[in-house]
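> compute the structure for the input listed below.
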Amino acid sequence: MNKKDLSESDIKAKYITPAILKSGWDEFTQIGREIYFTDGRIYVKGKLTARGKRKFADYILFYKPNVPIAIIEAKDNNHSIKSGIQQALDYANTLDVPCIFSSNGDGFYFHDKTATDGIIEKELSLDSFPSPELLWEKYKKYRGIHSEVVENIAKQDYFIDSSGRTPRYYQQIAVNRTIEEVAKGLDRILLVMATGTGKTYTAFQIIYRLWKSGAKKRILFLADRTALIDQTARGDFRHFKDAMTIIKHKKIDTAYNIYLALYQGLSDSKTEDAYKKFSPDFFDMVIVDECHRGSAKEDSKWREILEYFKKATHIGLTATPKETTEVSNIDYFGEPVYIYSLKQGIDDGFLAPYKVIKVTLDIDADGWRPPQGFLDKEGNLVEDRIYNRTDFDKNIVVDERRSLVAKKITEFLKGYDRFAKTIVFCIDIEHAEGMRSALANSNADLFLQNNKYVMQITGDNEEGKRELDSFINPGEPYPVIATTSKLMTTGVDAQTCKLIVLDSNIGSMTEFKQIIGRGTRINEEYGKTYFTIMDFRNVTNLFADPDFDGDPVMIKQINEYDDLSGAEDETIDEIITDILDGEEIEFPDEPDYPEIEGGGNIFEEPQGKIRINGVPVKIVNERIQYLGIDGKIITENLKDYTRNNVTKQYKTLEKFLIHWNEAEKKEVIIKELEDQGIFFDALKDEVGKDFDPFDLICHIVYEAKPLTRKERANNVKKRNYFAKYGDKAQAVLNSLLDKYAQDGLLTIENTEVLKLDPLNKLGTPIELIQAFGGKSNYILALKELESELYNTTA
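Next up, the predicted model:
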């Protein structure tokens, strides 16, 4: 048997796995083989989505379940023993393991992150693969575990039930690092995990392991929303069963181990603080959920509770660490022990990517000044000053503005999905109430069928709050549209929210990230793989903030005449490549969504507002914003941006034409220009959808007269250059011209076009190619056809 003839799978089965088992690793509890540890990024093209490649490890070795300590990358024997080490190192950095191996079946190449003798890499024979105990000693050194007490806590089992659910790789890292730091005596710990990545499940595993190990006996979990407490108790924490209680109505019972509480329920400025009914040393751990909101302020009630239980370990959970000159989480908790960002979650495929549609209204952009003697709806004189975006719906209500916002939201949903769960974020409760009415009028047909189609869900509205669970339940069709102010900014697990509307002045990066987090959860069963943000207040300018870490897949600016019913199809012609290997993503023909049959209290004092009508409001056409190839927002005029980008490479039209005509495939040039940041879909919006990339470039960059695809195809037919071919070949060329006029150049350059209508009616692909005398002659004929299409002298 020649080893070099064996596949990678054979090498693993015959050489690598036996060597691992021989060194004492348990087949069932310690060796993970062929493990996918990411889901693959979701790519979006119009309404279509597709998964990219998933990260895959040949072997992950665990000292105990969910405690990974080594990774092995396998290759067949035609590779060197070292050839997998760089890929394995990349994966090891992601998985936070210290021991990395590469093997081709001849032995192992070992990279040791704990080495102190200067030799971090060396070869090992097949017979000398390290034992579990040896690699566990290296892991302990890597993580700073130096005592038996700390080790025993670090070795405590995870909770596992009959469902078989296991933590994702980043949850393992968050849990393991936190457990180890608590065991080592760190008393303040901060965990940063993007919204939708399972902070509560992570907290549950942390509490469970520390409780079961005996390291922590009484634990308080603090939140500031009733919905958060209820979701937590019904969700992952239900496994604590009789050991857990929820503190309600300030009633204290010291017979439990796990306590869930609202901080508002433990403190009260009017009566004695309920938390003081516990002794200061009653709890030995306090976990603060969404700690950016309360505990960050030195004079906050949360800080008072934490200071009272100061002997306990304090753990802060947040998606957005809050750092301002007045407020700091890091100042209190210290640097995070682990960060899992929004960008990483999107890249791994655990969080949904998103598009942005920016709608700018004229009175927002330019301000509005009342004409002399202008009266409000009460007949009072409106103060003579310029009202701007920050005034509207806060100090002054313009009926026409609200109607236009509702119209645009409805227009989008009609072109996308009228039963797509939608959250409209408003200035305050009155604004949310007003937008509910405006949206009910804009969707009168569906509202008449079910008056829960649009609902106000705010802290003061009991009927709306009762419908919150129905809104976040994927199986419940109603409510569809929820108007809110603060109540739904955090802690709402809206798995199927597909549209987030921003009509509130949000200046805080923390609040912005929290609101974006309402849409990042994925639910593929219900067709939720991405979401759209519709921005009426320029809030998405915060994307340009260096503190923001998850860029959109598309940003589109809307002008007065744009119909939003087709906004989701904007990127349909774009070629999208995988971030892992650069290969083109293949999308399904149509989105396959299942059919759904139609079917904490935050109180804000109502403010006195000026109410007016009779003010014309329009959408203005401002500069377009796009996400550039460097990940930064481009605010330059699109045509100027395109012209500047193209002329860097092709200074004259002549140089561009030479390069275009010499290219074997025009697709290569188009892809090259896209990689430089040319947005052909956006250019089509400005110039016309009937022009192909060649004419868009010639017209915008070099001011040449553009021809539509149909005009170019008709010009070729008039010249009748292909009379030299036989009847069948002529029929193929005529059909290719028709296909070009309909779908564009990239379609006819692919031989798959021969399988499509109308060409498939002329014969099989082999028969059609034979009409030209073979494949090489067909390709020559196709190149000649392209030359005729782009003949600039005829």
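> okay, how far is it across stretch 264-275, tip to tip?
By Cα to Cα, to the nearest Å, the extent of stretch 264-275 from end to end equals 10 Å.
> so what's the residue count around residue 39?
Look at residue 39: counted by other Cβ atoms under 10 Å, it has 17 neighbours. Just so you know, the C-beta spots here come from the backbone N, C-alpha and C atoms, and that holds for glycine as well.
> for it, which non-adjacent residue is spatially closest?
Leaving aside its sequence neighbours, residue 39 sits nearest to residue 349 (Cβ to Cβ, 6 or more residues apart in numbering; 3.4 Å).
> from residue 342, how far off is that neighbour?
Per Cβ to Cβ, to the nearest Å, residue 349 is found 13 Å from residue 342.
> which residues of the stretch 651-794 of the chain fall in helices?
Remark: helices assigned in the stretch 651-794 of the chain by DSSP state H, counting those that start in this stretch are 653-662, 666-675, 680-687, 693-702, 709-719, 727-743, 745-748, 765-770, 775-789.
> for residue 371, which of these is the nearest?
The closest of the helices of the stretch 651-794 of the chain to residue 371 is helix 680-687. By Cβ to Cβ, the value is 35.2 Å.
> and that closest one, what's buried?
For helix 680-687, the neighbour count (16 or more other Cβ atoms under 10 Å) marks 680, 681, 682, 683, 684, 685 as buried.
> what does the model give the fifth one for pLDDT?
Turning to residue 684, the model gives it a pLDDT of 80.
> wait, it touches residue 691, no?
Yes. Between residue 684 and residue 691 there is a contact under Cβ atoms under 8 Å: 6.8 Å.
> joint contacts of these two?
Listed contacts common to residue 684 and residue 691 are nil; contacts here mean Cβ atoms under 8 Å, 6 or more residues apart in numbering.
> in stretch 247-254, what counts as buried?
247, 250.
> could you do stretch 255-274 as well?
So, applying 16+ other Cβ under 10 Å, buried residues of stretch 255-274: 256, 258, 259, 260, 261, 262, 263, 265, 266, 267, 274.
> which of those fall in strands?
258, 259, 260, 261, 262 (DSSP state E).
> just give the nearest non-adjacent residue to the second one, would you?
Ranked by Cβ to Cβ, 6+ apart and with sequence neighbours excluded, the top spatial neighbour of residue 259 is residue 220, at 4.8 Å.
> same thing with the first one?
In this structure, residue 258 finds its nearest non-sequential neighbour in residue 244, 4.1 Å apart by Cβ to Cβ, 6+ apart.
> output the below-cut-off pLDDT ranges for this protein.
Within the chain, the ranges that satisfy pLDDT under 70 run 268-271, 292-300, 321-330, 488-493, 544-607, 621-638, 677, 746, 793-794.
> picking up where we left off before, out of the helices of the stretch 651-794 of the chain, which gets nearest to residue 251?
It is, among the helices of the stretch 651-794 of the chain and with distance given as Cβ to Cβ, helix 680-687, at 60.0 Å.
> and for the residue nearest to residue 39, the neighbour number?
Neighbourhood size, residue 349 [other Cβ under 10 Å]: 21.
> could you do residue 510 as well?
Neighbour count for residue 510, taken as other Cβ under 10 Å: 23.
> phi, psi for it please.
Dihedral angles phi and psi of residue 510 (degrees, to the nearest 10) take the values phi -60, psi -50.
> wait, it sits on residue 290?
No. If you go by Cβ under 8 Å, residue 510 and residue 290 don't touch, sitting 10.0 Å apart.
> quick one on the thing from earlier: next one: the residue nearest to residue 39 relative to residue 359, how far apart?
Look at residue 349 and residue 359: by Cβ to Cβ, they are 30 Å apart.
> go on, residue 219?
Distance of residue 219 to residue 359, computed by Cβ to Cβ: 47 Å.
> same check on residue 524?
Note on residue 524: its distance to residue 359, by Cβ to Cβ, is 29 Å.
> which of the two has more neighbours?
Taking other Cβ under 10 Å, residue 524 and residue 359 do not tie; residue 359 has more neighbours (26 against 14).
> isn't the residue nearest to residue 258 right up against residue 255?
No. Assessed by Cβ under 8 Å, residue 244 is found out of contact with residue 255, at 11.3 Å.
> hmm, back to that, let's verify the residue nearest to residue 259: helix, strand, or coil?
At residue 220 the chain is in strand, as set by DSSP: H, G, I helix; E, B strand; the rest coil.
> burial of it, as a residue count?
24.
> so who does it touch?
Residue 220 sits next to 259, 261, 283, 285, 286, 287, 309, 312 when contact means Cβ under 8 Å, 6+ apart.
> pretty sure the fifth one contacts residue 309?
Yes. Distance between residue 286 and residue 309: 5.4 Å, which falls inside the contact criterion (Cβ under 8 Å).
> export the contacts of residue 220 to CSV and tack on distance to residue 152 and secondary structure?
Shown next, in CSV, are the contacts of residue 220 (distance: Cβ to Cβ, whole Å; DSSP: H, G, I helix; E, B strand; the rest coil):
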residue, distance to residue 152, secondary structure
259, 25, strand
261, 30, strand
283, 22, coil
285, 17, strand
286, 23, strand
287, 22, strand
309, 25, coil
312, 21, coil
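> compare the residues you listed and tell me which has the most neighbours.
The most crowded member of those, judged by other Cβ under 10 Å, is residue 287 (26 neighbours).
> what residues are up against that one?
Residue 287 is in contact with 203, 206, 207, 219, 220, 221, 222, 315, 316, 317, counting by Cβ under 8 Å, 6+ apart.
> and the residues you listed, which of them are buried?
By 16+ other Cβ under 10 Å, the contacts of residue 287 give 203, 206, 207, 219, 220, 221, 222, 315, 316, 317 as buried.
> quick one: which of those residues is nearest residue 128?
Nearest to residue 128 among the buried ones among the contacts of residue 287, with distances taken as Cβ to Cβ, is residue 206, at 37.1 Å.
> wait, residue 64 touches residue 155, no?
Yes. Using Cβ under 8 Å, residue 64 is in contact with residue 155, at 6.1 Å.
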